[in-house]
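**Q** Attaching a predicted model along with its sequence, questions to come.
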Amino acid sequence: MNNMENKTTRRSSLKRMGMAIIGVFGLGITKAMAKESNPKKEVLDLSKDSQEIPLFSGAVKHGNTLYIAGKGAHFEGDIKAHTDHVLKELQKELEKNGSSMEQVLKVNVYLHDLEDYKGMNEVFRGRFGKKPPVRTTVATYGGVPGKSLVEMDCIAAVN
């Protein structure tokens with residue numbers, strides 16, 4: 001091998017070693033960044049029942065997002081009374097966990113009967129401020145659990 005070929009081979013070897021070293025350090029930095037930016041699921045409220053493993057969580061925070069489980073109204077009354085009660089329960093849960101009605105991003109509404117859509121809307125309108133969240137509304141086959149006329153869950157941003 002002549003001197004020129006020897007220098008080229010050494011340079012190639014050094015480049016490969018340098019890239020390998022940078023790759024190892026880069027991998028370490030990437031893993032450290034992933035740990036910092038990967039928020040953990042924080043269960044804020046577990047359902048209370050007699051089972052060793054709870055059925056579901058009432059509220060879960062993940063990063064800057066809050067997930068609130070479905071709230072219903074389990075008393076005699078019409079759709080307007082039930083909707084008002086459910087929205088007040090959502091508001092309490094949101095505020096207890098560092099959010100608010102104005103920070104709600106998504107609401108799911110489950111109606112016992114689609115005929116209650118208009119009455120539910122009358123009470124719902126304006127409860128989330130001037131910029132309401134996106135919403136899905138469905139009538140459930142067989143009704144809402146617990147004989148509630150309406151159930152709602154939501155996803156919200158957290159301060």
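**A** Happy to help now that I have it.

**Q** alpha carbons only for contacts and neighbour counts from here, please
**A** Fine.

**Q** give me the beta-bridge partners of residue 62?
**A** With DSSP bridges as the criterion, residue 62 is bridged to residue 41, residue 65.

**Q** Equivalent analysis for residue 138, please.
**A** With DSSP bridges as the criterion, residue 138 is bridged to residue 110.

**Q** Quote the end-to-end distance of stretch 136-149.
**A** Stretch 136-149 has an end-to-end distance of 16 Å (CA to CA, to the nearest Å).

**Q** Over to stretch 141-159?
**A** By CA to CA, the extent of stretch 141-159 from end to end equals 37 Å.

**Q** Need the mean per-residue confidence for that stretch.
**A** The average pLDDT within stretch 141-159 is 94.

**Q** Likewise for stretch 69-79?
**A** If you average the pLDDT over stretch 69-79, you get 96.

**Q** Flag every buried residue along it.
**A** Of all the residues in stretch 69-79, those buried under the rule 16 or more other CA atoms under 10 Å are 69, 70, 71, 72, 73, 79.

**Q** From those, pick the one nearest residue 155.
**A** Closest to residue 155 out of those is residue 69 (9.0 Å), distances taken as CA to CA.

**Q** For the closest residue to residue 144 other than its chain neighbours, grab the count of nearby residues.
**A** Distances taken as CA to CA, 6 or more residues apart in numbering put residue 112 closest to residue 144, at 5.3 Å, once the chain neighbours are dropped. Residue 112 has 22 neighbouring residues, counting by other CA atoms under 10 Å.

**Q** What are the phi and psi values at residue 112?
**A** Backbone geometry at residue 112, expressed as degrees, to the nearest 10, gives phi -70, psi -40.

**Q** What is the three-state secondary structure of residue 91?
**A** Assigned by DSSP: H, G, I helix; E, B strand; the rest coil, the conformation of residue 91 is helix.

**Q** my guess is it meets residue 100, correct?
**A** Yes: counting by CA atoms under 8 Å, residue 91 does reach residue 100; the two are 6.5 Å apart.

**Q** how about CSV for the buried residues of stretch 69-79, with distance to residue 141 and secondary structure added?
**A** Below are the buried residues of stretch 69-79 laid out as CSV (distance: CA to CA, whole Å; DSSP: H, G, I helix; E, B strand; the rest coil):
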residue, distance to residue 141, secondary structure
69, 19, strand
70, 17, strand
71, 18, strand
72, 16, strand
73, 18, coil
79, 17, helix
